[in-house]
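Asker: this one's structure only:
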């Protein structure tokens, strides 16, 4: 959920989406989020990450965690805070703190494990999360022109573990996420121009990634709800 950048959501969008969430009853985890809206908000979160706009990052994290994982509001706020702290600890380059970032992510994943009531090791999930951050950073700074296979492998491993999917089923979503990161990295190297066409390319790849994830979940858990394929906040 980190290490990239994109076009911000209009400031009025997030409050409207939040009101919709409050009035819509309990969110069904994994199966009721809209790929287009989630991709849009994650794009805004990536902008906040690279600009070190941490308050904005926290707001977008709240929306993503609520929509994708379906946590209660109390757990959503706590989880968003843990994600923020992990991101802040990871962000400095090269003097970051990957161990502390992993421990913060372990607290985040412990909330998910409690919510889903499944045998789920938060420490392993946190290890896989920070591992793909590491692989992307190596790719981003040291070898941007090499094959992205290691990055795809790392993201697919995280998706497979946290969503209880076969790794092969998670790969299409991981491949599109890696492509989104490629466009993002190009955008950052070009100077972070908000008028760049790379933003639209990156956001489209994120949408495809979430569509692929929902398709994999549909295959493992049965039919998706209408909300999964209909914009939550038109």
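Answerer: Perfect, thanks for sending it. None of these values were measured; they are calculated from a predicted model.
Asker: hey, which helix or strand in this protein has the poorest pLDDT?
Answerer: Here the helix or strand of the chain ranked lowest by mean pLDDT, DSSP states H and E is helix 13-23, holding a mean of 41.
Asker: Now the element after that one, going C-ward?
Answerer: Next along the chain after helix 13-23, taking DSSP states H and E as the criterion, comes helix 35-51.
Asker: and that following helix, how far from the chain's centre?
Answerer: A distance of 8 Å separates the C-alpha centroid of helix 35-51 from that of its chain, computed with Cα atoms, centre = their mean, to the nearest Å.
Asker: Could you name the helices and strands sitting against it?
Answerer: helix 13-23, helix 54-69, helix 197-221 (3 or more Cβ pairs under 8 Å, 6 or more residues apart in numbering; DSSP states H and E). (C-beta placed from N, C-alpha, C; glycine too.)
Asker: From the contact counts, what lies against the longest one?
Answerer: On a contact count with 3+ Cβ pairs under 8 Å, 6+ apart, helix 197-221 meets helix 35-51, helix 167-189.
Asker: relative to helix 35-51, how tilted is it?
Answerer: 130 degrees (axes from the mean of the first three to the mean of the last three Cα atoms, to 10 degrees).
Asker: what comes up buried for helix 197-221?
Answerer: Within helix 197-221, the residues that count as buried by 16 or more other Cβ atoms under 10 Å are 198-199, 201-214, 216-217.
Asker: Quick check on residue 192: phi, psi?
Answerer: phi 60, psi 40 (degrees, to the nearest 10).
Asker: So it is in contact with residue 184, correct?
Answerer: No - counting by Cβ atoms under 8 Å, residue 192 does not reach residue 184; the two are 9.9 Å apart.
Asker: More neighbours: which of those two?
Answerer: Neighbours were counted for residue 192 and for residue 184 using other Cβ atoms under 10 Å; residue 184 has more, 28 against 15.
Asker: measure that one to residue 74 for me?
Answerer: Separation of residue 184 from residue 74 (Cβ to Cβ, to the nearest Å) stands at 32 Å.
Asker: Please work out which of the helices and strands packed on helix 197-221 is packed deepest.
Answerer: Stretch with highest mean neighbour count among the helices and strands packed on helix 197-221: helix 35-51 (a mean of 23; mean count of other Cβ atoms under 10 Å).
Asker: tell me the angle of that helix relative to helix 54-69?
Answerer: Using the same axes, to 10 degrees: helix 35-51 against helix 54-69 is 150 degrees.
Asker: and helix 35-51, average pLDDT?
Answerer: In this model, helix 35-51 has an average pLDDT of 88.
Asker: Could you do stretch 167-182 as well?
Answerer: Stretch 167-182 comes out at a mean pLDDT of 95.
Asker: now do stretch 72-84
Answerer: 95.
Asker: Same question for stretch 204-223.
Answerer: Here the average pLDDT along stretch 204-223 is 84.
Asker: Since that was my last question, I'll sign off now.
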